[in-house]
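Visitor: All I have is the shape, not the residue letters:
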C-alpha cells in the first residue's frame, strides 16, 4: 500500500459529508488526540460547531507500559452532560483507543449520545466498537501501521509503515 492509494484530503471531504449527516443541533465534536484532534479542529471550523480534544492516555489498558505521555490533551470547552458527542478519529483499528476515550469522556459527565466517525477503518477489531461513519475501509496486515500526518499548511496525508 502506498500513500497514493489513500488520498487523505479527498477522504477528509468524504468525512465532512458523513459528519454533516450525523449532526444534531446539540452535537459537539471531540477529536481523539492526535490525528482525530486535527480532523475535529478542521471540521469544527468548516462546519461552525463546537469541538474539543480528548486523550486516551489515562484509561488505556496498556497504561502500565505507556505511562502518562500526552495525558494532558483533554480539553472539552463545553458541558458534556446531555450533549450529543461525535468522537472523531483518524484510524480505527482494535477499538481499544475508542474504549479508553469513552471512559475519559464519562469522567467529564454523561452525554446524551456518543457516536464515532473515522477517516479510515482498517478492521482488526478486538472490542465491539463500530464507527457510525467511516470515509474508507482498508485492510493492512498486523505489522503495518497507518498514521495521519498534517503538513505546516494544514493538509493531510497518510504514512504507512
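Guide: Nice, I can see it. This one's a predicted model, so the numbers in the text were calculated from it and none came from an experiment.
Visitor: which residues touch residue 109?
Guide: 79, 80, 81, 83 (CB atoms under 8 Å, 6 or more residues apart in numbering). To be clear about C-beta, it is placed using only N, CA and C from the backbone, and glycine gets the same treatment.
Visitor: Would you verify that it is located in a helix?
Guide: No: using DSSP: H, G, I helix; E, B strand; the rest coil, the assignment for residue 109 is coil, not a helix.
Visitor: What ranges in the protein fall below the confidence cut-off?
Guide: 1-4, 62-72 (pLDDT under 70).
Visitor: how about a cut-off of 50?
Guide: Scanning the chain with the threshold set as pLDDT under 50 gives 1-4.
Visitor: For it, which segments count as helices?
Guide: Counting by DSSP state H, the chain has helices at residues 8-22, 35-47, 63-66, 96-107.
Visitor: By neighbours, which of the contacts of residue 109 wins?
Guide: Taking other CB atoms under 10 Å as the neighbour criterion, residue 83 ranks highest of these with 21 neighbours.
Visitor: about what we covered before: of the contacts of residue 109, closest to residue 97?
Guide: Nearest to residue 97, judged by CB to CB, of those is residue 80 at 18.5 Å.
Visitor: Mean neighbour count, the helices of the chain: which tops it?
Guide: helix 35-47 (a mean of 21; mean count of other CB atoms under 10 Å).
Visitor: Okay, and the beta partners of the spatially most central residue of the chain?
Guide: When CA atoms, centre = their mean is applied to the chain, the residue found nearest the centroid is residue 89 (1.4 Å). Taking DSSP bridges, one obtains residue 118 as the residues bridged to residue 89.
Visitor: how far away is it from residue 82?
Guide: Distance, residue 89 to residue 82, by CB to CB, to the nearest Å: 23 Å.
Visitor: Repeat that for residue 114.
Guide: 12 Å.
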